[in-house]
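Participant: Can you look at this prediction? I've put the sequence above it.
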Amino acid sequence: MTGVAAALVLTKTTLNIESFMGSIMCIGVSVSNSVMMITFMNDRWREGMPTSQAAVVGAAGRLRPIIMTACAMTTGMLPMALALEEGSQMQAPLGRAVIGGLVCSTLCTLLVLPALFRLLIGPGRPATVSIDPDDPESPAFDANHAHGDASAHPTAETHP
């Protein structure tokens, strides 16, 4: 939203339905990029990398797709934002909002998000949240149940 507001102020564009639609488009792309990056960093962390390394490797792995998405949308919105044709001034706020928001959100996604990942996750190791007694990593793991030990768990036939 900071990038949207900055773009609208710098271009002296008012808030209207078109600029709101542009901000919604921008938020959708930004959230998608952020979720993909967090997923990538989390996967590296769960593979055993320290959080700092997982953040750097995860961000590096998503760098090109995020920049390609931002560049493609920015380039696509540029003719709309410039409003060079007669009557195109009505949709210019949409393009300006998208461009401003994407520039700001791309920088935040690539620079701030990995740092936040490192700060919030901390130096710890991933732990399972499973309570499945068949999952060996679960604190509720039951070795007798997992190996099919019939004496540990009586069946329905043994009850009167």
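Facilitator: Arrived safely, thanks for sending.

Participant: And for Cys104, the neighbour number?
Facilitator: Residues lying near Cys104 (other C-beta atoms under 10 Å) number 19. C-beta: built from backbone N, CA, C; applies to glycine.

Participant: scratch that, Thr69
Facilitator: The burial count for Thr69: 17, using other C-beta under 10 Å.

Participant: ok, now how distant is the spatially most central residue of the chain from Val9?
Facilitator: With distances taken as C-alpha atoms, centre = their mean, Val35 lies nearest the centre of the chain, 1.5 Å away. Separation of Val35 from Val9 (C-beta to C-beta, to the nearest Å): 29 Å.

Participant: just the helices in the protein please.
Facilitator: Taking DSSP state H as the criterion, the chain carries its helices at 2-10, 17-46, 51-82, 92-107, 113-121, 143-146.

Participant: contacting residues for Ala83?
Facilitator: Counting by C-beta atoms under 8 Å, 6 or more residues apart in numbering, Ala83 makes contact with Gln89, Gln91, Ala92, Gly95.

Participant: Using ChimeraX, make a named selection holding only the buried ones among those.
Facilitator: Applied in ChimeraX, the following selects the buried portion of the contacts of Ala83 according to 16 or more other C-beta atoms under 10 Å:
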select :91,92,95
